[in-house]
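Chemist: Structure here, sequence nowhere to be found:
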């Protein structure tokens, strides 16, 4: 039932709490996007918040909130929703995520899981609220329950889409990142990922074929009758693929730094061959990126718009 008590006002940025579930789906790219607007015009993107006592928590607009904090904007316009109950706030945040263009599947998954697991909300209630099917609910929740953290990072960075991730979530967690990396490498679409996952999880599939699916999915598709469907071109543009892969590599590089900081001499000795190969690959990539960056200004390529 619609409320007449929602109100628009201005709050200090420091008064508004981040939403830990929305944080799951907020990437640095999202924050930078709002940061460009905020830096030039201040905050012109209102957030939606819920109030509990004197505290406010963001229900939509997490990236905008973080951009304001980063650029020193002291106040931001908000809509204070008339929902004080925590479960109702989560339901509103979930609904807003599913209807907004910048909604994140990872946050949607976490909201669904939290509401059904900890707040006594049934799937039927959420299906009616969101106008979604039982299948959609199950697949979305699997992103929280069954997807490994590395693949979640790929979804957050835009390297793979949510529908592809929902298929990958059907695999054992310890093989998901290997398979997902090769899915990206071979530009496989959701249909083919689903076929490969279905083949992997069949009882009659032996370990040799499972290993082939993980390491060489394109070869398996070409060899199987189910792989005779034409492979569609990657929907994302080249710039989006470069940006997504760059974000994924940056995240892996940060994790690698943490691992190396903890490694002792024995660990480094055992991993020496791989570290040498990694160093050579990074050096080669750095040379290529360095050469390209010198040709590019923030707004366009030097010498015109055509590379």
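Modeler: On my side now, so go ahead. As the structure is a computational prediction, the values presented were derived from the model and not from experiment.
Chemist: alpha carbons only for contacts and neighbour counts from here, please
Modeler: Fine.
Chemist: count of neighbours near the closest residue to residue 112 other than its chain neighbours?
Modeler: Setting aside the residues directly before and after it, residue 112 is nearest to residue 141 in space (Cα to Cα, 6 or more residues apart in numbering), at 6.3 Å. By the criterion of other Cα atoms under 10 Å, residue 141 has 24 neighbours.
Chemist: What does the pLDDT read for residue 141?
Modeler: At residue 141 the predicted local distance difference test score is 93.
Chemist: ok, it - contacts?
Modeler: 108, 109, 110, 112, 113 (Cα atoms under 8 Å, 6 or more residues apart in numbering).
Chemist: same thing with residue 24?
Modeler: For residue 24, the contacting residues are 106, 107, 156, by Cα under 8 Å, 6+ apart.
Chemist: One more pass at 7 Å, please.
Modeler: Residue 24 makes contacts with 106, 107, as judged by Cα atoms under 7 Å, 6 or more residues apart in numbering.
Chemist: So what does it look like in phi/psi?
Modeler: Backbone torsions of residue 24, given as degrees, to the nearest 10, read phi -60, psi -30.
Chemist: same thing with residue 16?
Modeler: The phi and psi values for residue 16, taken as degrees, to the nearest 10, are phi -100, psi 120.
Chemist: ranges for the strands of the stretch 101-250 of the chain?
Modeler: Taking DSSP state E, counting those that start in this stretch as the test, none of the stretch 101-250 of the chain falls into strands.
Chemist: Tell me where it is predicted with low confidence.
Modeler: Counting by pLDDT under 70, the stretch 101-250 of the chain contains low-confidence ranges at 101-103, 224-237, 240-241, 244-245, 247-248.
Chemist: Kindly recompute the last result at 90.
Modeler: Within the stretch 101-250 of the chain, the set of residues satisfying pLDDT under 90 comprises 101-104, 129-131, 153, 156-159, 185-187, 189, 206, 208-209, 215-216, 218-250.
Chemist: Do you have the helices of it handy? List them.
Modeler: Under the criterion DSSP state H, counting those that start in this stretch, the stretch 101-250 of the chain carries helices at the ranges 105-118, 123-130, 134-145, 149-156, 162-168, 173-185, 190-201, 207-215, 217-223, 238-262.
Chemist: okay if I get these as TSV plus distance to residue 37?
Modeler: Compiled in TSV, the helices of the stretch 101-250 of the chain are given as follows (distance: least, Cα to Cα, whole Å):
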stretch	distance to residue 37
helix 105-118	24
helix 123-130	31
helix 134-145	31
helix 149-156	21
helix 162-168	27
helix 173-185	31
helix 190-201	34
helix 207-215	42
helix 217-223	42
helix 238-262	20
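Chemist: so which of these gets nearest residue 29?
Modeler: Nearest to residue 29 among the helices of the stretch 101-250 of the chain is helix 238-262 (8.5 Å), distances taken as Cα to Cα.
Chemist: Need the contact partners of the closest one.
Modeler: Applying Cα under 7 Å, 6+ apart, the external contacts of helix 238-262 come out as 154, 157, 158, 159.
Chemist: quick one: the first one and residue 161, what's the gap?
Modeler: Applying Cα to Cα, to the nearest Å, one obtains 9 Å for the distance of residue 154 from residue 161.
Chemist: In terms of neighbours, single out the busier of those two.
Modeler: Neighbours were counted for residue 154 and for residue 161 using other Cα under 10 Å; residue 154 has more, 24 against 15.
Chemist: where's the more buried one relative to residue 116, distance?
Modeler: According to Cα to Cα, residue 154 and residue 116 sit 26 Å apart.
Chemist: Pretty sure residue 177 sits against residue 149.
Modeler: No. Under the criterion of Cα atoms under 7 Å, residue 177 is not in contact with residue 149, lying 8.9 Å apart.
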